[in-house]
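# coords below, sequence missing:
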């Protein structure tokens, strides 16, 4: 696969504050890669360094095999969709979109052609004369994307682009964005703290924590084989069983099974722990069953489905078991 | 309906205070059209005091001085102030406290202190008092106001916008030309208007640094008031009052109306 | 790109030369002596500051502070209700209401004081009216006394009080009032317990503005006051223009400026304490 972006030995300090201790990362052409992590983990800083809006304290940034580390943002062939869109309030939709082409001195004919194209792609044809203030949040979002796409950048950088929108709209735009990226074959670097968004959209997820990469893998792998306790906790829900200081088992609630304490003729592995049901909470498609383990303060959670024969009730005595292949050993 | 009783009493009180603010100005205006020279009694409607003003060489001279001084001080303070505000908004400075002190102290200390300190400066450096010293003084007190006004506008602007422009291939100069400047312009215009009004209106500082041949309108009004009541001052005051009010209304109209942007054009 | 940093230089140099240097000279002059002809001689002395202790100047100082305090109090009693009423107007009337209050502020206060002279002098509107009605036989001495000076001050400085109070009422979170009323507070109680305490910073700002402005005021007493109603401002004016005692005038103005600055600093300290004094920007720098 062709390499599009390479970050090599990147570190970043703000004053005396070490934000990013050391990061190496390679992004392939046409890839949808997501930088996922809690706020303050350095994901936005990393994105802004690719855009040229921040300079790394040390390390190098390659774009399409060219060292662009010291290039100003306006000399890099990447475009960014800002968190609050950063649409120019004194220009209408069309002027906003034309801005980049104008600065690059693209011929007028070509400008109009490209603008029409992205307006069609983002379904904004009817709004070209409107000012950003006259648009809804979702429409402003599309303008921000159109304004970046129209330049045909090598990489599109998106900084929590859906963060300001409500749930339903966000769901729809996630799909649209993913389709757009597939259709155009563009490289997307997407920053979010929303794990669900990351799982549904990305080809590859880079989970970040405190300026370091915790795990870098496919969504499937990140979910099913989290490498560390942090990843297992940040993405989805997990139960942890400390075997000793170095070895922790992480088991997803849907993989954790509950049986009666005194069960006869069972065909599954023996229960590893015993405990008491403390609560059963309705969650729509599932119920969450909370079980307090004997001889410890730990409470674990398992799911029961609406068609399960056995319905668990608080105060029932239960056993906890799992198939060995469902338990993942993670770093503390 | 205790609440209604309270709010109507409050409203009446507020109207009375507004009347207190405006009645004297209204009475002054009415008297400027009164035929009588000395008496407060209404003896008939006349424009003669205004016509007398037009033929008063000293008033016209004071007007010319005021306008010239205001124009020059507005021009210089707006340019210097805008430059400073742009830089202050963008960069961090080592001696921030000193810079802030120099910016805010001229506004915070009583005017009279600033006026006499300039008088002391000009006399110690043997600069003759006149139009030049007036202009220098006016630029000084306008400067802080311009910087603060323009800076307020720049602060309200998202940093994102300039970064977005830079991301969209605009060089720093193009970013300034197409994004920063157009967005800061209402603040610059507002700063210039404030500077102009402050300069036209200033009495205290001008009082200290004016020379014999550099009387401005407020200084002329003061001299006339000290000499005694004359209907001509009524007329001159009325003219100045309405000039000020018009300036304020123009400033209000020029300011971008946030509400109008919501109106759909289609 | 660092060249841009120097854009601040012209303005700052200007302020250093025409504000900083003159202030330093005034400080120097305030410690200097003078010849009988009014020439300043730079012989270091505290004499100019010691003169404050003379009864005449103590009286003027006390008068000035008293006038400023009364002016502040009266403008507050007038300004708060006015600002509150404006904030209660329908939204589209608030801006015009505010402009209505601010217009007199922009009119030269020389002219505004003069308008009162027209009304109050012995052949003025009020006296003429009362004489005509036969209620008095001789004009009342309405002008050229301490009351006239206070009236003029209140009239000149009222907008200074209204604006900051209006701003603080506007910034008030309306949900707090809803919460108060939800918790059973009647409107007036809600005002007393929620609105008023939370708008105190605006009241403080307005009071400081009015107080400091009246301390340095010399036009109003000059135009509306009698021979006896001299305040510090007039005293300073006299030292520079008729008495030609610049060192004493300088020391007076230094005291005035220091007093004003101390009040402003105290105000900012109080405000910062109320806001918890945390500033993220400063932490980053």
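Sure, I can see it. Computed from a predicted structure; not experimentally measured.

# So which bits of the helix or strand hosting residue A:172 are buried?
Using DSSP states H and E, residue A:172 sits within helix A:167-184. The neighbour-count check on helix A:167-184 (16 or more other CB atoms under 10 Å in any protein chain shown) flags A:170, A:173-174, A:176-178, A:180-181 as buried. Bear in mind the C-beta positions are built from the backbone N, C-alpha and C, glycine included.

# Next, the contact list for residue 231, please.
No chain specified, so I'll use chain A. With contact taken as CB atoms under 8 Å, 6 or more residues apart in numbering or on different chains, residue A:231 is in contact with A:207, A:214-215, A:222, A:330.

# ah, I was thinking of chain C
C:60, C:63-64, C:67, C:149, C:217-218, C:221, C:225.

# Ok, residue A:30 next?
Residues near residue A:30 by CB under 8 Å, 6+ apart: A:4, A:185-187.

# Enumerate every residue touching residue A:54.
Contacts of residue A:54 by CB under 8 Å, 6+ apart are A:12, A:45, A:48.

# Which of the residues you listed lies at the shortest distance from chain B?
Comparing the contacts of residue A:54 against chain B with CB to the nearest CB places residue A:48 closest, at 8.4 Å.

# ok, the closest one - how many residues close by?
Using other CB atoms under 10 Å in any protein chain shown, residue A:48 has 20 other residues around it.

# still on that earlier bit, whichever of the contacts of residue A:30 count as buried, I'd like them selected in PyMOL; how would that read?
Selecting the buried subset of the contacts of residue A:30 in PyMOL, with 16+ other CB under 10 Å as the burial test, is done by:
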select buried, chain A and resi 4+186+187
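
# how about CSV for the contacts of residue A:30, with distance to residue C:127 and secondary structure added?
Converted to CSV, those look like this (distance: CB to CB, whole Å; DSSP: H, G, I helix; E, B strand; the rest coil):
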residue, distance to residue C:127, secondary structure
A:4, 89, strand
A:185, 91, coil
A:186, 85, coil
A:187, 87, strand
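
# got the residues of the stretch 51-200 of chain B near chain C?
Residues of the stretch 51-200 of chain B lying near chain C by CB under 8 Å from any CB of the partner chain: B:80-81, B:83-84, B:86-88, B:90-93, B:99, B:102-103, B:105-106, B:108-114, B:116-121, B:124, B:136-137, B:139-140, B:143-144, B:147, B:172, B:197.

# Where helices are concerned, which of these count?
Counting by DSSP state H, these place B:80-81, B:83-84, B:86-88, B:90, B:99, B:102-103, B:105-106, B:108, B:111-114, B:116-121, B:124, B:136-137, B:139-140, B:143-144, B:147, B:172, B:197 in helices.

# Show me how to select, in ChimeraX, the buried members of these.
In ChimeraX syntax, the buried subset of these is picked out as below (16+ other CB under 10 Å):
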select /B:80,81,83,84,86,87,88,90,99,102,103,105,106,108,111,112,113,114,116,117,118,119,120,121,136,137,139,140,143,144,147,197
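
# Give the helix, strand or coil label for the residue of the stretch 151-300 of chain A found nearest chain B.
Using CB to the nearest CB, the single residue of the stretch 151-300 of chain A nearest to chain B is residue A:151, 7.0 Å away. Secondary structure state of residue A:151, per DSSP: H, G, I helix; E, B strand; the rest coil, is coil.

# if you average pLDDT over the helix holding residue A:172, what comes out?
The average pLDDT within helix A:167-184 is 89.

# Against which helices or strands is that helix packed?
helix A:137-149, helix A:195-201 (3 or more CB pairs under 8 Å, 6 or more residues apart in numbering or on different chains; DSSP states H and E).

# Now do the first one, average pLDDT.
So the one you mean is helix A:137-149. Here the average pLDDT along helix A:137-149 is 92.

# Then the last one?
Helix A:195-201 comes out with an average pLDDT of 92.

# List the contacts of that helix.
A:32, A:34, A:36, A:162, A:170, A:174, A:177-178, A:190, A:192, A:205, A:219, A:222-223, A:234-236.

# Next, the angle from the helix holding residue A:172 to helix A:137-149.
20 degrees (axes from the mean of the first three to the mean of the last three CA atoms, to 10 degrees).

# Centre of the chain to helix A:167-184, how far?
Put simply, helix A:167-184 sits 14 Å off its chain's centre (CA atoms, centre = their mean, to the nearest Å).

# ok, residue A:154 to chain C distance?
Going from residue A:154 to chain C by CB to the nearest CB, to the nearest Å gives 25 Å.

# since we're on the closest residue to that residue other than its chain neighbours, how many residues are nearby?
In space, and not counting its chain neighbours, residue A:154 is closest to residue A:77: 4.7 Å by CB to CB, 6 or more residues apart in numbering or on different chains. Counted with other CB under 10 Å, residues neighbouring residue A:77 total 16.

# Help me confirm that residue A:77 comes into contact with residue A:71.
No: taking contacts as CB atoms under 8 Å, residue A:77 lies outside contact range of residue A:71: 9.6 Å.

# Can you show me the helices along the stretch 151-300 of chain A?
A:167-184, A:195-201, A:219-224, A:229-234 (DSSP state H, counting those that start in this stretch).

# where does the stretch 101-250 of chain B have low pLDDT?
B:229 (pLDDT under 70).

# So which residues of it form helices?
Using DSSP H, counting those that start in this stretch, helices in the stretch 101-250 of chain B cover B:111-124, B:131-155, B:159-167, B:172-175, B:181-201, B:204-209, B:217-227, B:231-254.

# Show me what the helix or strand harbouring residue C:269 is packed against.
Residue C:269 belongs to helix C:246-274 when elements are defined using DSSP H and E. Identification of packing neighbours for helix C:246-274 by 3+ CB pairs under 8 Å, 6+ apart yields helix B:96-108, helix B:111-124, helix C:21-30, strand C:33-34, helix C:47-50, helix C:200-216, helix C:232-241.

# repeat that for 6 Å
On a contact count with 3 or more CB pairs under 6 Å, 6 or more residues apart in numbering or on different chains; DSSP states H and E, helix C:246-274 meets helix B:111-124, helix C:21-30, helix C:47-50, helix C:200-216, helix C:232-241.

# Would you format those as JSON lines with distance to chain A included?
Output for the helices and strands packed on helix C:246-274, formatted as JSON lines (distance: least, CB to the nearest CB, whole Å):
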{"stretch": "helix B:111-124", "distance to chain A": "37"}
{"stretch": "helix C:21-30", "distance to chain A": "35"}
{"stretch": "helix C:47-50", "distance to chain A": "45"}
{"stretch": "helix C:200-216", "distance to chain A": "29"}
{"stretch": "helix C:232-241", "distance to chain A": "46"}
